[in-house]
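Engineer: Structure of the sequence below:
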Amino acid sequence: MNQVIEKLNWAIGKINDAIYRINYDVIYWLAKHLGMSLPYLPYMDYVPYLAKGGIVTSPTLAMIGEAGPEAVVPLEAGAGGIGDIRNPEITINLTGNTFLGNEAEARRWARLLLGYIREETRNLYGSPAF
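Structural biologist: Coordinates of the predicted model:
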C-alpha cells in the first residue's frame, strides 16, 4: 500500500509543479501586464503517513495502518471520542495471577503506579489530580 501512496504523492508533486508554473508563468505575468491582482491556484496536499502517529485537526486524507494495526479515535467527547484529553480517566488493567494471594505485592504496585500518575499529572498540569 505504501507504493500506492508513494505513486499518488509523486503524481501530486507533478500536479503541484504544473500549478507552480501556471501561477508564476501565466497568472503572475498576466497580473503584471494587466496591472491587476489575480488569485493564484492552490496547491494540493500530499497524503501523509501516520504510522508513527499524529494529530489531525481538520479533514485529512491519510494513509493509516501501513505499519500494522492503528487506532483512529476522535479526541473530543461523544461519538466514540476519548473525552477531554486535559482531564483523562486512567484505567489500568492487570491480568493473570500476578497478585493472586500476594496482597503486599499488589499494594507495592498500586503505590508505584499512583506515584507515577501523580508525577505525570504534576508535570502536565502543575498539581496532582489527587
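Engineer: Check which residues of the longest helix seen in the chain are buried.
Structural biologist: In the chain, assigned by DSSP state H, the helix with the most residues is helix 103-125. For helix 103-125, a neighbour-count test (16 or more other Cβ atoms under 10 Å) marks residue 121 as buried. Any C-beta I mention is one placed from the backbone N, CA and C, and that applies to glycine too.
Engineer: and what of stretch 15-35?
Structural biologist: Buried residues in stretch 15-35 (16+ other Cβ under 10 Å): 16, 19, 23, 27.
Engineer: average pLDDT for that stretch?
Structural biologist: Stretch 15-35 carries an average pLDDT of 88.
Engineer: sorry, back to before: using CSV, list the CA coordinates for the longest helix of the chain.
Structural biologist: The C-alpha trace of helix 103-125 is given here as CSV (Å, rounded to 0.1, in the frame of the first residue of the first chain):
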residue,chain,number,x,y,z
GLU,A,103,-1.6,-8.5,48.8
ALA,A,104,1.8,-6.9,49.7
GLU,A,105,2.9,-7.1,46.1
ALA,A,106,-0.4,-5.7,44.9
ARG,A,107,-0.1,-2.8,47.3
ARG,A,108,3.5,-2.2,46.2
TRP,A,109,2.4,-1.9,42.6
ALA,A,110,-0.5,0.3,43.5
ARG,A,111,1.8,2.7,45.3
LEU,A,112,4.3,2.7,42.4
LEU,A,113,1.6,3.4,39.8
LEU,A,114,0.0,6.1,42.0
GLY,A,115,3.3,7.8,42.3
TYR,A,116,3.9,7.8,38.5
ILE,A,117,0.4,9.1,37.9
ARG,A,118,0.8,11.9,40.4
GLU,A,119,4.2,12.8,38.9
GLU,A,120,2.9,12.9,35.4
THR,A,121,-0.1,14.9,36.4
ARG,A,122,2.1,17.4,38.2
ASN,A,123,4.4,17.7,35.2
LEU,A,124,1.5,18.2,32.8
TYR,A,125,-0.8,20.4,34.9
